[in-house]
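> This is the structure alone, sequence omitted:
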Ligand SMILES: Nc1ncnc2c1ncn2[C@@H]1O[C@H](COP(=O)(O)OP(=O)(O)OP(=O)(O)O)[C@@H](O)[C@H]1O
């Protein structure tokens with residue numbers, strides 16, 4: 001049985017539907033990447049699944065953790081399951097840390113909340129976690145305030161806080177976007193290492209296809225509130241079949257490549273209040289025909305494994321234009 005099973009998840013804000021039936025399964029210890037342009041519904045999927053959306057959001061479908069249904073469950077029940085088993089880290093660590101409390105105290109509070117540790121036991125464990133996430137001189141730096149840490153170190157502190165509850169699943173929402181490239185690589189490496197050591201599952205929400213390729217076993221591509229393609233990262237990244245996935249790859253700039261070949265996807269993600277008829281990607285798609293403009297393709301199991309929602313998939317033989325570091329071309 002999957003650790004988390006999401007079926008037909010829908011979300012609407014003020015009568016506008018922004019998620020249109022998301023199906024996802026994540027096994028224990030598995031790492032899933034979630035990619036897509038801004039506004040496609042990556043964050044809302046997880047905020048809805050974990051009961052973290054504001055009250056005005058209308059959420060439907062089913063989210064089960066180890067078989068326990070969360071949608072429609074009481075707040076206490078959701079908080080119990082979420083708090084103990086799932087942790088989230090976000091893009092901007094400085095806004096998630098409390099600037100007026102020492103970092104050690106913040107990690108220790110997580111340890112008290114999730115594992116009942118107090119006093120010296122909590123302090124020793126906080127130092128161990130700071131060590132684990134690679135903060136040098138943890139025993140002395142535990143008494144510093146967040147502004148005395150760099151951005152990368154603040155993200156490491158956030159990871160230490162997330163690990164304090166020994167979660168079964170860590171959801172990392174753009175965890176490295178605010179950091180420079182070298183630090184990004186270190187943080188991703190750290191997450192992979194911790195996953196290997198603890199066996200926790202991970203969801204990496206990211207615009208960075210290279211990061212997803214390096215860290216995740218599987219990836220799902222979202223567009224306008226739907227999953228349009230999902231497969232093992234090796235299969236998905238060597239031969240993307242959905243024209244949107246393909247477009248995301250072709251839009252990646254190459255450091256030493258021929259910049260003239262860079263091909264951005266023209267147009268923008270549609271406003272959920274004014275979705276086009278048929279496939280939401282059709283107005284931006286070079287392969288779209290009348291059927292695409294009138295009917296929305298349902299996700300189908302592909303011959304090559306994975307899921308694909310497209311009437312005109314990209315042919316297998318079309319080679320990728322770019323091969324950013326970490327992505328097989
Ligand atoms: N609290 C909210 N109230 C109203 N609409 C919202 C709210 N939160 C998200 N949305 C809308 O839901 C849609 C999906 O947003 P979401 O934040 O999930 O996108 P995303 O793919 O995570 O984007 P990004 O990569 O920029 O974080 C967007 O159209 C967004 O405007």
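Arrived safely, thanks for sending. Everything numeric here is computed off the predicted structure, so don't read it as measured data. Residues are numbered from 1 along each chain as shown.

> And the strands in this structure, which stretches?
For the chain, applying DSSP state E gives strands covering 4-13, 16-26, 31-35, 57-65, 68-69, 86-89, 169-173, 201-205, 218-223, 226-232, 300-301, 307-308.

> for the record, mean pLDDT for the third one?
This means strand 31-35. Taken as a whole, strand 31-35 has a mean pLDDT of 96.

> Work out the sheet partners of it and label each with its direction, please.
Paired with strand 31-35 in the same sheet, following DSSP bridges, are strand 201-205 (parallel), strand 218-223 (parallel).

> Same list (the strands of the chain) but as CSV, adding mean neighbour count.
Every residue, glycine included, has its C-beta placed from N, CA and C. Formatted as CSV, the entries for the strands of the chain read as follows, by neighbours: other CB atoms under 10 Å:
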stretch, mean neighbour count
strand 4-13, 19
strand 16-26, 19
strand 31-35, 25
strand 57-65, 18
strand 68-69, 14
strand 86-89, 22
strand 169-173, 24
strand 201-205, 24
strand 218-223, 26
strand 226-232, 23
strand 300-301, 10
strand 307-308, 22
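
> Distance to residue 247 added to those, as JSON lines?
Supplementary listing: those in JSON lines, determined by distance: least, CB to CB, whole Å:
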{"stretch": "strand 4-13", "distance to residue 247": "25"}
{"stretch": "strand 16-26", "distance to residue 247": "20"}
{"stretch": "strand 31-35", "distance to residue 247": "12"}
{"stretch": "strand 57-65", "distance to residue 247": "28"}
{"stretch": "strand 68-69", "distance to residue 247": "37"}
{"stretch": "strand 86-89", "distance to residue 247": "28"}
{"stretch": "strand 169-173", "distance to residue 247": "23"}
{"stretch": "strand 201-205", "distance to residue 247": "19"}
{"stretch": "strand 218-223", "distance to residue 247": "10"}
{"stretch": "strand 226-232", "distance to residue 247": "11"}
{"stretch": "strand 300-301", "distance to residue 247": "20"}
{"stretch": "strand 307-308", "distance to residue 247": "15"}
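
> okay, these in a markdown table with distance to the ligand next?
As requested, the strands of the chain are arranged in a markdown table below (distance: least, CB to the nearest ligand atom, whole Å):
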| stretch | distance to the ligand |
| --- | --- |
| strand 4-13 | 4 |
| strand 16-26 | 4 |
| strand 31-35 | 8 |
| strand 57-65 | 7 |
| strand 68-69 | 22 |
| strand 86-89 | 13 |
| strand 169-173 | 7 |
| strand 201-205 | 7 |
| strand 218-223 | 6 |
| strand 226-232 | 11 |
| strand 300-301 | 23 |
| strand 307-308 | 18 |
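
> one step back: reformat the strands paired with strand 31-35 as CSV; add mean pLDDT.
Below are these laid out as CSV (pLDDT from 0 to 100):
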stretch, mean pLDDT
strand 201-205, 95
strand 218-223, 96
